[in-house]
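Asks: just coords:
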Ligand SMILES: [Zn+2]
């Protein structure tokens, strides 16, 4: 006489295959939900443009420029007075730091050795998420950024120093404003910069109004 063992094994096998099927269905549901969330986030319209300020000290006048081969909307900032090396780089607006590190390679350009080996890419850089799909980027910083990923910053907080790390010819700040993944024309204090393409060399000077209460 047979015992209930074969039946028992069969039941277990059926239970195992049911569990596997349930897991598969659950995984598929989770995957579909994840894709749906990503699509909803991507399709959400951007928020209003934050009132970005020049990423340099209150009251200072800087030259904003671009040149052929730079990239549309990219802005290079040079001070109109004094040395660029080590000048404070300030957050253009409140936000959360999403990148604070090295892009490409640093190279070896310093104030003592300005024609040292040229690096690649952005060198030391910072990216800030301002919400509503708005982002700013700050490249070629002199030293490791003064902020870390995940840190909240307020407009006017110092995030780094002007330098010449990465693919940089001379000490300056390379700056971008982005809406989603698109670079857009940088606006400062509510006014467009006029830097929209890299077809020709173009410069404009602007005075920073990145001031906090009590400053000029
Ligand atoms: Zn640049």
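Replies: Perfect, I can see it now. What you see is a predicted model; the values in this text were computed from it and never measured.
Asks: show me where this protein has helices.
Replies: 5-43 (DSSP state H).
Asks: center of it, which residue is that?
Replies: When the chain is reduced to its mean C-alpha position, the nearest residue by CA atoms, centre = their mean turns out to be residue 127, at 2.5 Å.
Asks: Would you mind measuring from residue 180 to the ion?
Replies: Counting by CB to the ion, to the nearest Å, the gap from residue 180 to the ion is 21 Å. Every residue, glycine included, has its C-beta placed from N, CA and C.
Asks: Return the residues of this protein in contact with the ion.
Replies: Within the chain, the residues that sit near the ion (CB under 5 Å from the ion) are 76, 174.
Asks: if we can go back for a sec, let me see the contact set for the residue nearest to the centre of the chain.
Replies: By CB atoms under 8 Å, 6 or more residues apart in numbering, the contact list for residue 127 reads 97, 98, 99, 100, 135, 136, 137, 138.
Asks: What number of neighbouring residues does the third one come out with?
Replies: Residue crowding around residue 99 was assessed by other CB atoms under 10 Å; the count is 18.
Asks: Tell me how far it lies from the ion.
Replies: In this structure, residue 99 lies at 17 Å from the ion, with CB to the ion as the measure.
Asks: Also the fourth one?
Replies: When CB to the ion is applied, the distance between residue 100 and the ion equals 19 Å.
Asks: which residue packs closest to that residue, ignoring adjacent ones?
Replies: residue 145 (4.1 Å; CB to CB, 6 or more residues apart in numbering).
Asks: show me the contacts for the one you found.
Replies: Contacts for residue 145 (CB under 8 Å, 6+ apart) come out as 97, 100, 101, 124, 125, 126, 159, 160.
Asks: picking that back up, quick check: bridge partners of the residue nearest to the centre of the chain?
Replies: On DSSP bridges, the residues paired with residue 127 through beta bridges are residue 99, residue 137.
Asks: Quick one: neighbours of the residue in the chain that the ion sits nearest to, just the number.
Replies: Nearest residue of the chain to the ion, counting by CB to the ion: residue 174, 3.3 Å away. Residues within reach of residue 174, counting by other CB under 10 Å, total 21.
Asks: Please tell me I have it right and residue 64 contacts residue 203.
Replies: Yes. With contact defined as CB atoms under 8 Å, residue 64 counts as touching residue 203 (6.6 Å).
Asks: neighbour-wise, which of the two wins?
Replies: Shown here are residue 64 and residue 203; by other CB under 10 Å, residue 64 has more neighbours (21 against 13).
Asks: excluding its backbone neighbours, what's nearest residue 135?
Replies: Leaving aside its chain neighbours, residue 135 sits nearest to residue 178 (4.3 Å; criterion: CB to CB, 6+ apart).
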